[in-house]
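Chemist: quick one, structure for this:
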Amino acid sequence: QRLLLELSWEAFDEAGIKPSSIRGSNTSVCVGISSNDFANTKFGDTASGNSFFMLGTTMSIASNRLSYFYDIHGSSFSVDTACSSSLYALEHACQKIASGQSDMAICGGVSVLLTPFPFVGFSQASMLSPDGRCKAFDSAGNGYVRSEGGGILLLKKLSHAIRDGDPIVATIAGVGTNSDGRTNGISLPSSDHQEALLRSVYASANITPQS
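Modeler: So this is what the prediction gives:
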């Protein structure tokens, strides 16, 4: 939550937007978060079980913390879809803005790795790269590498950003998500379904894969 507060404030600063100017606005918060290592380090320590601990480690509060701090009234939710959590948050944020349900969205994600247990479990499941390197879209890919970090985007309709004189870093041509359904294992992806998703997003954005 502290990282999300810092990153969102930094995003407002870089955008030249006073946080106080959005107070009471219909701004949504969409946060991707899939791990809660800090809470896991405290489980079993009953002395940590106070109200501050619960509010500080409940993943749903990660997004609500931003809504509370900035006093904004759009939808506010955290989403956990593992590695794609921030992408799902981005899709929902875009939908809220495109539908007119939100004027702006604070969107992003955060991941902090504090305990060895997930590393051990994913290693036992042969999900981690033995050489510690990600090789996305490469036939030599042999697993993934866990990492930590965070990021926040401020999203608006392009016409509104131009109207308000906001610095525009990038535009989103298209976004989409799907599920692989049944594969050879619940954690094993389907290249066919992932290809279908990419083609669908390219088509919706009027982009050819060759471009």
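Chemist: state the pLDDT value of G121.
Modeler: Reading off the confidence values, G121 has pLDDT 91.
Chemist: how much space separates it from L128?
Modeler: For G121, the distance to L128 equals 10 Å [C-beta to C-beta, to the nearest Å]. Glycine gets a C-beta too; all of them are placed from N, C-alpha and C.
Chemist: do L3 as well
Modeler: Per C-beta to C-beta, L3 is found 24 Å from L128.
Chemist: one more: R163?
Modeler: 47 Å.
Chemist: okay, these two: which has more neighbours?
Modeler: Ranked by neighbour count (other C-beta atoms under 10 Å), R163 and L128 place L128 first, with 19 against 10.
Chemist: which SS state does the spatially most central residue of the chain fall under?
Modeler: Nearest residue to the geometric centre of the chain (C-alpha atoms, centre = their mean): S86, 1.8 Å. Following DSSP: H, G, I helix; E, B strand; the rest coil, the label given to S86 is helix.
Chemist: from here on, call the first residue 37.
Modeler: That works, and once the first residue is 37, the last one we named lands at S122.
Chemist: does it touch G145 like I think?
Modeler: Yes. Using C-beta atoms under 8 Å, S122 is in contact with G145, at 3.3 Å.
Chemist: could you pull out the helices in this structure for me?
Modeler: 38-51, 73-78, 87-93, 95-106, 121-134, 153-160, 194-199, 227-240 (DSSP state H).
Chemist: to C66, which of the ones you listed lies closest?
Modeler: helix 121-134 (4.0 Å; C-beta to C-beta).
Chemist: got the buried residues for the closest one?
Modeler: When burial is assessed from 16 or more other C-beta atoms under 10 Å, helix 121-134 yields the following buried residues: S121, S122, L123, Y124, A125, L126, E127, H128, A129, C130, K132, I133.
Chemist: tell me the confidence at the residue lying closest to the first one once chain neighbours are set aside?
Modeler: Spatial nearest neighbour of S121, excluding adjacent residues (C-beta to C-beta, 6 or more residues apart in numbering): G68 at 3.1 Å. Residue-level confidence at G68 comes out at 95, pLDDT.
Chemist: most remote residue from this structure's center?
Modeler: Outermost residue of the chain (C-alpha atoms, centre = their mean): A83, 31.5 Å.
Chemist: ok, now how distant is that residue from F89?
Modeler: 9 Å.
Chemist: may I have the helix or strand of the chain with the lowest mean pLDDT exported as PDB, CA atoms only?
Modeler: Least confident helix or strand, the chain: helix 73-78 with a mean of 74, by mean pLDDT, DSSP states H and E. This file holds the C-alpha atoms of helix 73-78, laid out as PDB (Å, rounded to 0.1, in the frame of the first residue of the first chain):
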ATOM      1  CA  ASP A  73       4.300 -11.800   1.300                       C
ATOM      2  CA  PHE A  74       4.400  -9.300   4.100                       C
ATOM      3  CA  ALA A  75       1.300 -10.800   5.700                       C
ATOM      4  CA  ASN A  76       2.800 -14.300   5.200                       C
ATOM      5  CA  THR A  77       5.900 -13.300   7.200                       C
ATOM      6  CA  LYS A  78       3.600 -12.400  10.200                       C
END
